[in-house]
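**Student:** The amino acid sequence is not available; the structure is as follows:
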């Protein structure tokens, strides 16, 4: 059997999430490029892989998956070789609960606050040639501040340097792709200067070899 396939390159933030997990557990994988501008992801075959016409999709033999967080969990469950690789912490019920909780926080609070900034400042200008709507961006930044207030309080009180405990986990990794774009491709990276514990946490994440490798391929070009 050949390597698993990720449909969508690292320029797509959700595909980058999956690739980062594959790198963490040392799994060989093939990247299948998708022409977003030509709407290739909306074609008949891609819709068979992801019926919502989104990126990424993932193939492992006869198994076809979509939704990046679900793909990532599949990869981690199947390929974790040691406790260090167990980014879901499923061998410890309490730790797994903390990973699950902060994974949900990312999906329901952090990502929604950050996504609009990402699209207004990065995706739309690159793909559509638009100028960011200042009102929309300002409202989203204020929403993000409220979320970061919670993170700062948590990280300042925690005994560890990561969200779920004294270990790097899937909860932390989940924050990587969209935060990377905000920090490197928008004028709003300075927002994190207001939150020293959050900024220090982010800098620790970016020390991971897996995230350094994937981030080198994430630039979104017009």
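**Tutor:** Looks like it arrived, so ask away. All of these numbers come straight from a predicted model, not from anything done at the bench. Numbering: from 1, shown residues only.

**Student:** Just to check, residue 141 is in contact with residue 192?
**Tutor:** No. With contact defined as CB atoms under 8 Å, residue 141 does not reach residue 192; the gap is 11.6 Å. Where C-beta positions appear, they are placed from N, C-alpha and C, glycine not excepted.

**Student:** who has more neighbours, those two?
**Tutor:** Shown here are residue 141 and residue 192; by other CB atoms under 10 Å, residue 192 has more neighbours (19 against 16).

**Student:** Within its local environment, how many residues does residue 16 see?
**Tutor:** When neighbours are counted by other CB under 10 Å, residue 16 registers 26.

**Student:** heads up, I number from 7, so please use that
**Tutor:** Let's use 7 as the start, then, which means that last one is residue 22.

**Student:** Look up phi and psi at residue 172.
**Tutor:** Phi and psi for residue 172, reported as degrees, to the nearest 10, are phi -90, psi 40.

**Student:** Neighbours of it, how many?
**Tutor:** 10.

**Student:** Please tell me how far it sits from residue 101.
**Tutor:** Residue 172 sits 10 Å away from residue 101, taking CB to CB, to the nearest Å as the criterion.

**Student:** How about the contacts made by the residue lying closest to residue 72 once chain neighbours are set aside?
**Tutor:** Leaving aside its sequence neighbours, residue 72 sits nearest to residue 56 (CB to CB, 6 or more residues apart in numbering; 3.9 Å). Taking CB atoms under 8 Å, 6 or more residues apart in numbering as the criterion, residue 56 is in contact with 13, 47, 62, 63, 72.

**Student:** Alright, calling it a day.
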